[in-house]
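**Q** prediction below, plus the sequence it came from.
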Amino acid sequence: MSVPAPLGLGLAAVGRPAYITTARDADLGEPADRSIEAMRARAHELLDEAWALGIRYVDAARSYGYAEEFLGSWLAAHPERRRELTIGSKWGYAYVGDWRMDAAVHERKEHSAAMLDRQWPETLAALGTAPDLYLIHSVTPDSPVLADAAVLERMRRLRAEGVRAGLSTSGPRQAEVLRAALALPDTPFQAVQATWNLRESSAGDALAAAHSAGWTVVLKEVLANGSLAEAAPGSALERVASGVDPDIAAIGAARAQAFADVVLVGATTRRHLQRAAEAPARTIDRADLAALAVDPVQYWRERADRPWR
């Protein structure tokens, strides 16, 4: 039986009042109840539960609202825990939602050296510590960042200072971006965070190549923003889950991937974390993956159309 990849706690869903995951009203209550203090308390509750469950990886980003600040205040209350934790964060997007549910724009992308120079000190101040991994957030083929000598040199400096520099990927061409990063001369990168789930597994071979090259591979969105939490009767997901709840099957499949070093859970409740911890590694063959797969272009179009809830 496969040894499950360890879980990590992703803070994207609890660092800001609105996000694209399903069932947020049921999990978090009415939008009016999602004050900064309420969401800080929720984040601290989840961090405490993650610690109790043995989860030692935590993921944040500058664009996740107050996620870094929430994690930083939790660390300040438990400084003895820092040495056992691995913390990942990301730069390249700014949160511009102003803590509004109805914001027209929630995030702004900028992959420039000036943005890195601005956001790195912000990350240090918010966390109260340097992250162990620092990633360029959501690199896609349209981003010029992999050809930006100034950014690459700054990432090399971070690597020389002991930070594991990397990138996260999004969109239907994740594999292309990752292979380009792997092929860079004197690549500064040693880590990747990528979407992999039962509906969108197209980056799998590229992630295996990164893992073989010694990179840390972190899988995100393994429940496809909640769309894999339930299976329609008679669906391919129900068949592949084979009597197991679909969320358990989906998390287990991610944890069974040989290239996965960490599988993120974007929990909003303690029970979400507890269920994830109960999910054993679950081998899935390529035929079943193919049966569940959605065309990557369609998958990412549908994701882009998801409302901020």
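**A** All right, it came through fine.
**Q** now the helices: where do they sit in the stretch 101-250 of the chain?
**A** 113-127, 149-160, 174-183, 204-212, 236-241, 246-255 (DSSP state H, counting those that start in this stretch).
**Q** mean pLDDT and mean neighbour count for those - can I get that in JSON lines?
**A** In this view, the C-beta of every residue, glycine as well, is placed from N, C-alpha and C. Rendered in JSON lines, the data for those read as follows (pLDDT from 0 to 100; neighbours: other Cβ atoms under 10 Å):
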{"stretch": "helix 113-127", "mean pLDDT": "98", "mean neighbour count": "17"}
{"stretch": "helix 149-160", "mean pLDDT": "98", "mean neighbour count": "16"}
{"stretch": "helix 174-183", "mean pLDDT": "98", "mean neighbour count": "19"}
{"stretch": "helix 204-212", "mean pLDDT": "98", "mean neighbour count": "18"}
{"stretch": "helix 236-241", "mean pLDDT": "94", "mean neighbour count": "18"}
{"stretch": "helix 246-255", "mean pLDDT": "97", "mean neighbour count": "24"}
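**Q** dump these to JSON lines, plus distance to Met39.
**A** Output for the helices of the stretch 101-250 of the chain, formatted as JSON lines (distance: least, Cβ to Cβ, whole Å):
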{"stretch": "helix 113-127", "distance to Met39": "15"}
{"stretch": "helix 149-160", "distance to Met39": "29"}
{"stretch": "helix 174-183", "distance to Met39": "29"}
{"stretch": "helix 204-212", "distance to Met39": "31"}
{"stretch": "helix 236-241", "distance to Met39": "31"}
{"stretch": "helix 246-255", "distance to Met39": "23"}
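**Q** closest one to Arg271 among the ones you listed?
**A** In terms of Cβ to Cβ, the element of the helices of the stretch 101-250 of the chain nearest to Arg271 is helix 246-255, at 10.9 Å.
**Q** report the distance from the very next helix or strand once past that closest one to the chain centre.
**A** Scanning forward in sequence from helix 246-255 by DSSP states H and E, the next helix or strand is strand 262-265. Distance of strand 262-265 from the chain centroid (Cα atoms, centre = their mean, to the nearest Å) equals 7 Å.
**Q** strand 262-265: what's the following helix or strand?
**A** helix 270-278.
**Q** in that next one, what counts as buried?
**A** Across helix 270-278, burial judged by 16 or more other Cβ atoms under 10 Å covers 270, 272-273, 275-277.
**Q** would you mind writing the CA trace of it as CSV?
**A** This file holds the C-alpha atoms of helix 270-278, laid out as CSV (Å, rounded to 0.1, in the frame of the first residue of the first chain):
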residue,chain,number,x,y,z
ARG,A,270,-12.1,21.5,11.4
ARG,A,271,-14.1,18.6,10.0
HIS,A,272,-12.7,19.2,6.6
LEU,A,273,-9.2,18.8,8.0
GLN,A,274,-10.2,15.7,10.0
ARG,A,275,-11.7,14.0,6.9
ALA,A,276,-8.6,14.8,4.9
ALA,A,277,-6.5,13.2,7.6
GLU,A,278,-8.6,10.1,7.4
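**Q** which secondary structure elements does the helix or strand just after it contact?
**A** Downstream of helix 270-278, the next assigned helix or strand under DSSP H and E is helix 286-292. Secondary-structure packing of helix 286-292 (3 or more Cβ pairs under 8 Å, 6 or more residues apart in numbering; DSSP states H and E): helix 236-241.
**Q** adding pLDDT and distance to Arg309, write the buried residues of helix 270-278 out as TSV.
**A** Shown next, in TSV, are the buried residues of helix 270-278 (pLDDT from 0 to 100; distance: Cβ to Cβ, whole Å):
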residue	pLDDT	distance to Arg309
Arg270	97	20
His272	95	16
Leu273	97	20
Arg275	95	20
Ala276	96	21
Ala277	96	25
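**Q** which single one of these is nearest to Arg179?
**A** Closest to Arg179, out of all of the buried residues of helix 270-278 and judged by Cβ to Cβ, is Ala276, at 29.7 Å.
**Q** how far away is the closest one from Arg159?
**A** 31 Å (Cβ to Cβ, to the nearest Å).
**Q** and Ala256, how far from Ala114?
**A** Distance, Ala256 to Ala114, by Cβ to Cβ: 41 Å.
**Q** same question for Ile55.
**A** The spacing between Ile55 and Ala114, counted by Cβ to Cβ, is 35 Å.
**Q** pretty sure Val139 contacts Leu146?
**A** Yes: Val139 is in contact with Leu146 according to Cβ atoms under 8 Å; the separation is 6.9 Å.
**Q** of the two, who's got more company?
**A** Using other Cβ atoms under 10 Å, the more surrounded residue of Val139 and Leu146 is Val139, with 25 against 19.
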